[in-house]
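# Quick one, fold the following:
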Amino acid sequence: MQAIVELKGVEKFYQRGKTKVPVLQKLDLSIAQGEFLALMGPSGSGKTTLLNLIAGLDECNAGEINIGGVRIDKLRGSKLTAWRARHIGFVFQFYNLIPALTAARNIELPLLLTNLTAAQRAKHVAAALQLVGLSDRAKHKPGELSGGQQQRIGIARALIADPTLLVCDEPTGDLDRQSADDILGLLQILNRQHGKTIIMVTHDQKAADYASRQLHMDKGSLIESRTARVAA
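Numbers count the residues shown, from 1 in each chain. Okay, here's the model as predicted:
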């Protein structure tokens, strides 16, 4: 299957005074289109930094980052912002919903940067709500929803612009086990039935087992790669 993410010799370090603190060391990575990848590792291993580089939220110090044929390590400023808005859908651990807005309005936010009419935006929002099983919660505000429902709204918002990649940073870290399994099951459906490419950072082995592949990081290097035990 064709690779949609290609990293070659990627390095990342932070400067502390005169000292360089390495985070990623000559890292190579290929992710196939339609893959569900779980990225695991202890705190400080570099997995969130890697996720941020792929999502265009951070810049590498050396190497190449190619996403869907675009060298994003060469993009800067407004060009990088525009690329990220079009190609990356973010799912956060703590949902990042705006409390004063309804579920539908939260989902609609990314579409306000497009040329779609209000009617077209409403149609897309309705489809996203149906996809995550919350059509009856469109007018509810975040405080009126459970944690699992809020995360489903977060996923709908991430999907609304049909991004190239769905990037999930500990998406079940704030949920109980049942709600977490529900969210992971939804991500699995989006991957298997809708062909979404998903990259998920997690500390939870049970969460990782929903993915089609797992990569483990330690001290800025990929130390293990294996096919996940795909959950039902």
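
# Dig out what residue 213 forms beta bridges with.
Residue 213 has the following beta-bridge partners by DSSP bridges: residue 37, residue 227.

# host element of the residue at minimal distance from the centre of the chain?
The residue lying closest to the centre of the chain (CA atoms, centre = their mean) is residue 167, at 0.9 Å. Per DSSP states H and E: residue 167 is located in strand 165-169.

# For the following helix or strand past that strand, which outside residues touch it?
Using DSSP H and E, the helix or strand that follows strand 165-169 in sequence is helix 177-192. The contact list for helix 177-192 (CB atoms under 8 Å, 6 or more residues apart in numbering) reads 34-36, 131-133, 146-148, 151-152, 155, 159, 166, 168, 171-172, 175, 196-198, 200, 204, 206-207, 210, 212, 230-231. All C-beta spots, glycine's among them, are computed from the backbone N, C-alpha and C.

# Selection in PyMOL covering whichever of the residues you listed are buried, please.
Selection of buried members from these for PyMOL, criterion 16 or more other CB atoms under 10 Å:
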select buried, resi 34+35+36+131+132+147+148+151+152+155+159+166+168+171+172+175+196+197+198+200+204+207+210+212
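
# correct me, but residue 29 touches residue 5?
Yes. Using CB atoms under 8 Å, residue 29 is in contact with residue 5, at 6.9 Å.

# Where does pLDDT dip in the chain?
Applying pLDDT under 70 to the chain flags residues 224-232.

# quick one, strands of it?
Along the chain, the segments classed as strands by DSSP state E run 3-16, 19-32, 36-40, 62-67, 70-71, 88-91, 165-169, 197-201, 213-218, 221-227.

# can you pull the contacts of residue 207?
Residue 207 is in contact with 38, 172, 180, 184, 200, counting by CB under 8 Å, 6+ apart.

# Name the nearest of the residues you listed relative to residue 58.
Nearest to residue 58 among these is residue 200, at 17.7 Å by CB to CB.
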